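> Compute the structure for the input listed below.
(2 chains)
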Amino acid sequence: MRPIITLALKDIKLLLRDKAGLFWIIGFPLLMALLFGAIFGGSGGGSVSSVEIAIVDEDNTDYSQQFIEKLSASEMLEVTTTTSDSAIAFVRKGKKTAFIKINKGFADAQSRFNNDESYIELGVDPSKRFTSELINGMLIKTSFEMIMGQFSNPQTMIGNIDEQIQTIDTSSNLSSDEKKIYKRFFSGLENFVGGFDSSFMQNQSGGSIMDGPKIKKVEVTQDRIGDPRNAYEITFPAAILWALIGCTSAFAVSIVTEKTKGTYTRLRIAPISRTQILAGKGLACFITIISVSTLLLILGHLVFGIRLDNIALLSIALFASAFCFVGLMMFISVIGKTEQAVGGAGMAIMLIMYMTGGGMIPLFVMPSWMITVSNFSFVKWGIVSLEGAIWRGYSMSEMMLPVAVLVTSGIILFTIGVTILTKRDG
Amino acid sequence: MIVIENLQKSFGDIKAVDNLSFNIPKGETFGLLGPNGAGKTTTINMIVGILKPDSGTIKLNGETDPTQKEIRRQIGNTPQALAIYEDLTAEENLLFFGKLYNLKGTKLKERVKYCLDLVGLTNRKDDFAKTYSGGMKRRLNLAAAIIHEPQIILFDEPTVGVDPQSRNFIFENIEKMKSEGKTIIYTTHYMEEAERLCDRVAIVDQGKILDLDSVDNLIKSHGGKSVVTAKLTASQITDELQKYEINNNKIVIETDKPIDIITELTKLNTNFQSIHINRPDLEKVFLNLTGRRLRD
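Got it, this is the predicted structure:
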């Protein structure tokens, strides 16, 4: 095993020193994922900079509607009003970043400056928790704007006080003395508001007077089986397959380069078998594929919220894809006898596979005849397995088909490649 | 140490190696001298086990299979092509090849240091091989072949495209290995190299050994006589000189004893403009054996 690792590490070191090669393996696939992700609609069709939220108005008062209108006016939020069930479902499916539920009694509590109970519920997509504070801040800001609006409109305020005085009159819980005290207080308040300079409140931050509304945070569990959260969940698997093609091509050419430069001869003379030499090359290709894919997936997860929920299935998909492309690498390395021949022919074959396999046009928008053709492309099975683990919600048994196709193809291609290479070596 | 018997290899209709046989005892430097396409590299490739002979046997230390790991550990090969990684430094190249021969730890570091010193690349050990001159690459190629201290070292035209300084460096390295008792096979089409380095030389052409012996014996057998050329002016031609054949004021004498001829000429009291001896060499041997020059 030691010679195989030595050989693999040497190849990885050589690859890391080839800046242009690295670009085609990591940089270019990433650019592709970003570009096509943006073209296909980024985070679900909306502007990337605005946060999509669903609002449920169960209070259904003028005040709550004004509140929603104010929220909608913000450029930072893209607001859709819907029912409670739909709002939660949207967030669970990843179609909205958060939902806000305005419960019954919201307007009443706001008019009394009652913050004892929470009348606003906020549920945020767990994968986009970083937006929680932003939405929270927007709710507090809007709430203060509404309160300031009340002070800036004394007539509304006086109307509210009148309503409170009437409530005191009809209350059965208060004694007549208590009623007198409260009524005296509210009458005094009515006089105060009547003579209040509304511009004073408009110039205050408000935070020092009130703490803002109590917002109840609601846990949301994800449920996105069979549906991509955003375009990046489609473009990143395709980009990973492009990275696989880059690795395959680079290592296939490196086998020929070793032969033309003479280093292969020196390796053959060393006390290691041909199998070990080729295994070393295969291991280097395998490690590179896994590393580059993992890097792209982590980046996609951190920046674009690509789901990495089912690590076990994702690992199986990645390992099977890597195995297949190592076999393909070995096969392509024997297509020609020069770097140009192998590089050219290899890229041509893999480009056709990429085009027909859903690398350029997503599989789900392909016409049926093209889907049939795509079955002959290893790229298709690679993409299907990755998508299966990321957003298609494949079970282990559903994953078996693409994995079996990839692994079997890998074995066949590797065997053909090694057989031809051995024959050529004489 | 090395026994080759009736070795044959063809590529299609072309017989690259045709019934080759020779023995090389331990510690000998053995030359394979022949023009390009004579079958030298094919022979080397069969000895190191990367080409299978069509027939015949190769015995290295009594073992008939050169692909055995233990045998491979005893062999070092300097292929004609520069078999080094240009994007690795000299030190990284040697560390890599050393590890393939199961060297590790202090032993590996010592060998890398020794080899770098031997080929004069210590000062450039951290530079990528691609930044080296052709001669330096050749020296690194040689170092990579001996990193594991092999007992048998094969040099396949190690001085092709090398500047005189590096060539000398390589010769000195080979002479040092020779003095350490290594068994060396050296292929070349430069007869001066074979004459300087080899104890015995096989003259090879079209896959066959035309003759095999020490350089002196080959010259004696096939080199012909030495040629003494004495130049003089027309006024210097005296009666005493008439016994020699004079053409264009030159006396040209073929002889086995050139020193005796020169002594005889100088006794004639004639001031010759110049006197030269052209001794036969391996080039002459090859010419006499094949009717062609070595580099035709």
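
> I would like the residues contacting stretch A:336-346, please.
Contacts of stretch A:336-346 with the rest of the structure, by CB atoms under 8 Å, 6 or more residues apart in numbering or on different chains, involve A:T248, A:S249, A:A252, A:V253, A:I255, A:V256, A:T257, A:K259, A:T260, A:I332, A:S333, A:I335. In this view, the C-beta of every residue, glycine as well, is placed from N, C-alpha and C.

> Check which residues of it are buried.
Within stretch A:336-346, the residues that count as buried by 16 or more other CB atoms under 10 Å in any protein chain shown are A:G336, A:E339, A:V342, A:G343, A:G346.

> next one: that stretch to chain centre, how far?
38 Å (CA atoms, centre = their mean, to the nearest Å).

> helix, strand or coil for the residue of chain B found nearest chain A?
Per CB to the nearest CB, B:A81 is where chain B lies closest to chain A, at 3.1 Å. State at B:A81, reduced to three classes by DSSP: H, G, I helix; E, B strand; the rest coil: coil.

> residue contacts, it?
By CB under 8 Å, 6+ apart, the contact list for B:A81 reads A:K261, A:G262, A:T265.

> swap the cut-off to 10 Å and go again
A:259-266, B:41, B:141, B:156-157, B:160 (CB atoms under 10 Å, 6 or more residues apart in numbering or on different chains).

> Over to B:D216?
B:D216 makes contacts with B:E195, B:G223, as judged by CB under 10 Å, 6+ apart.

> isn't there a strand covering it?
No - according to three-state DSSP, B:D216 belongs to no strand; its state is helix.

> can I get the contacts of B:A81 in JSON lines with secondary structure, neighbour count and pLDDT?
Putting those into JSON lines (DSSP: H, G, I helix; E, B strand; the rest coil; neighbours: other CB atoms under 10 Å in any protein chain shown; pLDDT from 0 to 100) gives the following:
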{"residue": "A:K259", "secondary structure": "helix", "neighbour count": "21", "pLDDT": "85"}
{"residue": "A:T260", "secondary structure": "helix", "neighbour count": "12", "pLDDT": "86"}
{"residue": "A:K261", "secondary structure": "helix", "neighbour count": "17", "pLDDT": "85"}
{"residue": "A:G262", "secondary structure": "coil", "neighbour count": "16", "pLDDT": "85"}
{"residue": "A:T263", "secondary structure": "helix", "neighbour count": "24", "pLDDT": "90"}
{"residue": "A:Y264", "secondary structure": "helix", "neighbour count": "21", "pLDDT": "88"}
{"residue": "A:T265", "secondary structure": "helix", "neighbour count": "20", "pLDDT": "86"}
{"residue": "A:R266", "secondary structure": "helix", "neighbour count": "26", "pLDDT": "89"}
{"residue": "B:T41", "secondary structure": "helix", "neighbour count": "19", "pLDDT": "88"}
{"residue": "B:N141", "secondary structure": "helix", "neighbour count": "25", "pLDDT": "89"}
{"residue": "B:D156", "secondary structure": "strand", "neighbour count": "23", "pLDDT": "87"}
{"residue": "B:E157", "secondary structure": "coil", "neighbour count": "22", "pLDDT": "85"}
{"residue": "B:V160", "secondary structure": "coil", "neighbour count": "15", "pLDDT": "80"}
